[in-house]
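Participant: structure, please.
(2 chains)
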Amino acid sequence: MRDRVTLVWLALMVITCVTWWLGADHPFRAESIRLASALALGLAFVKARFVGLDFMELRRAPVHLRMAFEMWVAAFGISTVMVFLV
Amino acid sequence: MKPSAEADLPEFLWIDDEPGDDELQVESCEARLAVDSRRRTPGEGGLWIFLLGDMSLFGFFFLTFLSYNRTHRKEFAAAADGLLRPLGATNTLVLLISSYCVVLAVRALAAGTPNRARPLVLGAMACAAAFVVLKAVEWTHEVSAGHTPGENLFYLFYFVMTGVHLLHVLVGGVLLEYLRRRTHTQDAWELSRVGIEAAAVYWHMVDLLWIVIFTLLYLVCVG
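Facilitator: Sure, this is the predicted structure:
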């Protein structure tokens, strides 16, 4: 079943494993760890966005509903990364 | 130029050589209806007000947690380091699998093949059960190691966030049971489309929220 939903799901599984593995060791300086964590946080919202668009079928939803969801992703995705990093 | 013979007819019935403003309006109206009928709200509008509201509450929860992380970085890092990351990560994968099962199950119901949907819903329910078990194991481990919600701010957030999320998982479990019953009805899609979609969307929200919670508690507050 090589349709979009399957590809998205596989990508979500792989990204989860990669961020899990990346978070396991810390051979880097403190600076890099902070940035890596911020990246993981941003990536979490990217994953959340795909769950919304492809699992919740918001890609084919009325524009206003999709926009409301995209606003949630953008607002909390950006604000959480900023609060963490800055 | 409208022929005088047709002047008695309503405007929209005049026949022109080229589309006039009226025909263009009719065409664009039809085009808009055609586009709108291809766009559907999964479930129904009221549900989404609740879902986005719930997600926003969690969002502010996340911001509060991160804001305390700024002022307690070392304490949060030490506590986060002690969490059982493999359990948290496995739970993330478990919920992703369950969401995938639900997507396929809804498709099978929409296609009028509830028999194909049944094992998928059961798979999702098994994943939900696995999540609850793993969560219980993890909490038992934490408490046995002496960590309680009252220990410090990190553990307060840890237990409350995962606890509130677990409540959502339990509600989701009830909705999965509803889905399972739909798979025993031949006309499920015709009769209960909105309910089926609503249950599925709620479950995906549970998955979506955990993706962020896992990242915040287990991955972010390190170093």
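Participant: just the helices in chain B please.
Facilitator: Taking DSSP state H, the helices of chain B run over residues B:21-38, B:45-71, B:73-81, B:85-110, B:114-144, B:153-182, B:188-214.
Participant: residues of stretch B:76-95 that come out buried?
Facilitator: With burial defined by 16 or more other C-beta atoms under 10 Å in any protein chain shown, the residues of stretch B:76-95 counted as buried are B:76-77, B:79-80, B:83, B:85, B:87-92, B:94-95. From N, CA and C alone the C-beta is placed, and that goes for glycine too.
Participant: for chain A, which spans come out with low pLDDT?
Facilitator: Per-residue confidence of chain A (counting by pLDDT under 70) places the weak regions at A:1-2, A:24-31.
Participant: buried stuff in the longest helix along it?
Facilitator: Longest helix in chain A, counting residues (DSSP H): helix A:63-85. Buried residues in helix A:63-85, counting neighbours by 16+ other C-beta under 10 Å, are found at A:65-66, A:68-69, A:72-73, A:76-77, A:80-81, A:83-84.
Participant: hmm, that helix in reach of chain B?
Facilitator: Yes: shown here: helix A:63-85 in contact with chain B (C-beta under 8 Å from any C-beta of the partner chain) through A:63, A:65, A:68-69, A:72, A:75-76, A:79-80, A:83-84.
Participant: just the helices in chain A please.
Facilitator: Secondary structure of chain A by DSSP H: the helices cover A:4-22, A:30-50, A:63-85.
Participant: now those in TSV, with distance to B:E190?
Facilitator: As requested, the helices of chain A are exported to TSV (distance: least, C-beta to C-beta, whole Å):
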stretch	distance to B:E190
helix A:4-22	23
helix A:30-50	30
helix A:63-85	24
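Participant: residues in contact with residue 81?
Facilitator: Defaulting to chain A. When contacts are counted by C-beta atoms under 8 Å, 6 or more residues apart in numbering or on different chains, A:V81 is found next to A:38, A:41-42.
Participant: look at chain B instead
Facilitator: B:V222.
Participant: what sits against the residue nearest to the spatial centre of chain B?
Facilitator: When chain B is reduced to its mean C-alpha position, the nearest residue by C-alpha atoms, centre = their mean turns out to be B:M205, at 2.5 Å. For B:M205, the contacting residues are A:56, B:51, B:54-55, B:168, taking C-beta under 8 Å, 6+ apart as the criterion.
Participant: any of those residues buried? List them.
Facilitator: A:56, B:51, B:55, B:168.
Participant: so what's B:L217 closest to, chain neighbours aside?
Facilitator: Excluding its sequence neighbours, the residue lying closest to B:L217 (C-beta to C-beta, 6 or more residues apart in numbering or on different chains) is B:Y158, at 5.8 Å.
Participant: do I have it right that that neighbour meets B:L83?
Facilitator: Yes: judged on C-beta atoms under 8 Å, B:Y158 makes contact with B:L83 at a distance of 7.4 Å.
Participant: can you give me phi and psi for B:E151?
Facilitator: Note on B:E151: its backbone torsions stand at phi -70, psi -60 [degrees, to the nearest 10].
Participant: my bad, should have said B:G82
Facilitator: For B:G82, the backbone dihedrals (degrees, to the nearest 10) come out as phi -80, psi -10.
Participant: give me the subset of the contacts of A:V81 touching chain B.
Facilitator: With C-beta under 8 Å from any C-beta as the criterion, the members of the contacts of A:V81 in contact with chain B are A:38, A:41.
Participant: between the contacts of A:V81, which has the most around it?
Facilitator: A:L41 (23 neighbours; other C-beta atoms under 10 Å in any protein chain shown).
Participant: contacting residues for B:L96?
Facilitator: With contact taken as C-beta under 8 Å, 6+ apart, B:L96 is in contact with A:9, A:12-13, A:16, B:207, B:211.
Participant: what number of residues lie near residue 39?
Facilitator: Going with chain A. Considering only other C-beta under 10 Å, A:L39 is surrounded by 15 other residues.
Participant: oops, wrong one, chain B.
Facilitator: Each residue near B:R39 was counted by other C-beta under 10 Å, and the total is 13.
Participant: relative to chain A, how far out is it?
Facilitator: When C-beta to the nearest C-beta, to the nearest Å is applied, the distance between B:R39 and chain A equals 5 Å.
Participant: doesn't A:P62 make contact with that residue?
Facilitator: Yes: under the criterion of C-beta under 8 Å, B:R39 is in contact with A:P62, at a separation of 5.0 Å.
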